[in-house]
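# fold the following, please.
(one chain, ligands or ions: 2)
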Amino acid sequence: MKITFCGAAETTTGSQHLIDINGSRILLDCGLYQGRRDEANERNRHFLFDPASIDTVILSHAHIDHSGNLPSLTSRGFKGSIYSTFATRDLCQIMLADAARIQAQDVKWLNKHRAKEGKPDLEPLYTEMEAEECVRQFVTIGYERSIPVADGVTLTFIDAGHILGAAQVVLDLNEKGRKRRLLFSGDVGRGNNELLRDPAVPEDVDYLIMESTYGNREHELPTQANHLLRDILVRALERKGKVIIPSFAVERTQQLIYVLHRLSEAGEIPNVPIYVDSPLAVGATEIFRLHPECFNDEVYNFLFEKRDPFGFENLSLIRKVTDSKALNDLHEPAIIISASGMCEAGRVLHHLRNNIEDPRNTVLFVGYCAEHTLGAKIRRGDAEVPILGDRFSVRAKIEILDSFSGHADRSELLHYFDTMTGPKERVFLVHGEKESAHALCETLRERHNGQIEVPAWRSSVEV
Ligand SMILES: [Zn+2]
Ligand SMILES: [Zn+2]
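Ligands and ions are numbered 1, 2, ... in the order given. The predicted structure is shown next:
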């Protein structure tokens with residue numbers, strides 16, 4: 001068997017690992033590489049293999065850095081099946097279409113600059129229609145249901161506890177009678193998630209491809225998130241202002257809705273209107289309602305007692321632009337959750353424009369913001385920031401709550417590694433920037449005898 005690391009090797013995005021076994025080619029994930037525009041454009045347009053030569057794709061979860069280049073693969077000749085869980089398929093339906101719209105905007109921007117240099121126009125990476133066509137190649141299976149996917153290869157998805165539908169990929173391999181188990185961790189959650197079950201403990205692992213996003217960092221305890229959120233909101237609403245929460249549309253927003261539901265039911269936060277203003281977030285929330293099979297016991301029971309964990313009296317989900325604009329005229333205290341989480345695009349920009357200069361208001365960050373994004377500038381305390389072409393003074397109070405992370409931190413990754421059973425003969429650390437992947441590699445080498453490495457991008461190994 002040969003494994004080739006075609007993406008998310010010594011970096012976090014563009015997850016793609018190619019397995020050649022018994023004459024079949026299996027691609028684990030087909031993620032979009034996200035980075036500087038030119039480089040991303042180059043990498044995403046050119047696969048390291050011929051898409052038509054791939055027999056099967058196995059998708060760990062719907063995040064764009066894992067699924068976002070699937071429409072390029074299918075439109076460039078891949079005809080096989082894409083295996084995923086039910087929820088992953090449903091989320092991909094809306095997330096890939098959204099990604100196509102973002103590609104179209106990006107290409108418009110690129111072409112403006114290319115025109116100045118006399119270069120020809122680029123086509124978008126893929127269209128919304130190609131994204132929709134790609135989803136027709138999905139074959140869905142539930143957690144813990146094994147299915148043969150190629151000659152001598154059986155696939156089982158187990159819980160990853162990362163986002164709705166996220167899975168660890170267990171591959172049972174039989175190469176000329178030699179049986180081994182390969183585990184691809186996908187992205188591993190922290191455990192104690194508000195909505196999801198804890199990551200399952202994998203057994204009898206021979207070969208491991210494991211994420212290392214936070215291989216050198218610890219988070220706050222997940223169990224503190226609800227109390228910290230309550231304290232921040234109580235403080236903020238005492239000033240009679242609005243609370244703007246830039247949030248990722250999928251998972252983080254639903255986590256927030258559920259926690260706000262519990263807090264408002266328990267009377268722990270003031271009774272103010274709460275708005276979710278993002279078409280993608282509203283679409284994703286509807287998909288969450290359809291997948292109780294992904295929830296932990298608490299949410300599952302809540303679902304059958306109260307009917308809807310993602311709906312309550314003072315919550316409004318907003319799709320229409322006119323309803324979104326109406327929020328500008330709102331003068332009472334309110335909580336507005338809007339995407340994008342890093343404040344790079346989306347309706348949150350309008351809410352920031354309208355509210356960031358009023359000292360009664362609060363902007364609350366509940367997730368990571370990549371360097372150079374508007375979110376990062378506000379988070380780090382810039383006194384003045386550019387929003388949609390104009391400069392604004394930051395007079396609103398800025399609050400940060402980082403305990404909602406979807407990724408295991410260093411100790412949680414070590415616990416994950418230690419509890420899984422099997423010889424773990426070969427370990428490949430992927431999906432981490434160089435520093436964190438190598439830091440985790442050093443730590444694992446001190447406690448485990450197997451061969452542990454951080455594979456380079458484009459490198460192959462025979463095992
Ligand atoms: Zn992810
Ligand atoms: Zn990821």
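
# for residue 55, see how far away residue 155 is.
13 Å (C-beta to C-beta, to the nearest Å). Yep, even glycine has a C-beta here, placed from its N, CA and C like the rest.

# what parts of the chain come near ligand 2?
Residues of the chain found near ligand 2 (C-beta under 5 Å from the ion) are 65, 187.

# domain parsing for the chain?
2-217+406-462, 222-400 (automatic domain parsing).

# can I get these in TSV with mean neighbour count and mean pLDDT?
Output for the domains of the chain, formatted as TSV (neighbours: other C-beta atoms under 10 Å; pLDDT from 0 to 100):
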stretch	mean neighbour count	mean pLDDT
domain 2-217+406-462	19	96
domain 222-400	18	93
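
# nearest spatial neighbour of residue 300, chain-adjacent residues omitted?
Ranked by C-beta to C-beta, 6 or more residues apart in numbering and with sequence neighbours excluded, the top spatial neighbour of residue 300 is residue 292, at 6.0 Å.

# what distance do you get for that neighbour to residue 61?
18 Å.

# same deal with residue 99?
14 Å.

# ramachandran angles for residue 147?
phi -150, psi 130 (degrees, to the nearest 10).

# contact partners for it?
Residue 147 makes contact with 83, 141, 154, 155, 156, according to C-beta atoms under 8 Å, 6 or more residues apart in numbering.

# which residues touch the second one?
Just to be clear, that refers to residue 141. Contacts of residue 141 by C-beta under 8 Å, 6+ apart are 83, 85, 147, 155, 157.

# which helix or which strand is home to the fourth one?
If I follow you right, that is residue 155. strand 153-159 (DSSP states H and E).

# neighbouring strands - and their directions - for the helix or strand just after that strand?
Using DSSP H and E, the helix or strand that directly follows strand 153-159 along the chain is strand 167-175. With DSSP bridges as the test, strand 167-175 is paired with strand 153-159 (antiparallel), strand 178-184 (antiparallel).

# strand 167-175 and ligand 1 in contact?
No: applying C-beta under 5 Å from the ion, one finds strand 167-175 separated from ligand 1 by no less than 11.1 Å.

# what sits up against that strand?
Under C-beta under 8 Å, 6+ apart, the answer for strand 167-175 is 1, 19, 21-22, 26, 28, 58, 60-61, 84-85, 88, 143, 146, 152-160, 179-186, 188, 199-200, 202.

# rerun that using 7 Å as the cut-off
1, 21-22, 28, 58, 60-61, 85, 143, 152-160, 179-186, 199-200, 202 (C-beta atoms under 7 Å, 6 or more residues apart in numbering).

# residue 226: what's it in contact with?
259, 263.

# doesn't it lie inside a helix?
Yes: if the criterion is DSSP: H, G, I helix; E, B strand; the rest coil, then residue 226 is within a helix.

# helix, strand, or coil at residue 89?
Residue 89 - assigned by three-state DSSP - is helix.

# ignore the last one, residue 328
Classified using three-state DSSP, residue 328 is helix.

# ok, and the closest non-adjacent residue to it?
residue 354 (5.3 Å).

# tell me what the helix or strand containing the one you found is packed against?
Using DSSP H and E, residue 354 falls within helix 348-355. Helix 348-355 sits against strand 242-246, strand 334-338, strand 384-387, with contacts defined as 3 or more C-beta pairs under 7 Å, 6 or more residues apart in numbering; DSSP states H and E.

# just the C-alpha atoms of whichever helix or strand comes after the first one, please, in CSV.
Moving toward the C-terminus from strand 242-246, the next helix or strand (DSSP H and E) is helix 252-265. Once side chains and other backbone atoms are set aside, the C-alpha atoms of helix 252-265 remain, and they are given as CSV (Å, rounded to 0.1, in the frame of the first residue of the first chain):
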residue,chain,number,x,y,z
ARG,A,252,-20.5,27.3,16.3
THR,A,253,-23.8,29.1,15.6
GLN,A,254,-25.9,26.1,16.5
GLN,A,255,-23.8,25.5,19.7
LEU,A,256,-24.5,29.1,20.6
ILE,A,257,-28.2,28.8,19.9
TYR,A,258,-28.5,25.7,22.1
VAL,A,259,-26.5,27.3,25.0
LEU,A,260,-28.5,30.5,24.8
HIS,A,261,-31.7,28.4,24.8
ARG,A,262,-30.6,26.7,28.0
LEU,A,263,-29.4,30.0,29.6
SER,A,264,-32.6,31.9,28.7
GLU,A,265,-34.8,29.0,29.9
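
# can you tell if helix 252-265 touches ligand 1?
No: figure legend: helix 252-265 not in contact with ligand 1 (C-beta under 5 Å from the ion); closest approach 11.4 Å.

# what comes into contact with that helix?
Under C-beta under 7 Å, 6+ apart, the answer for helix 252-265 is 194-195, 226, 229-230, 245, 247, 269, 271, 274, 276, 281, 284-285, 288, 299, 309-310, 312, 314-315, 337, 341, 366-367, 404.
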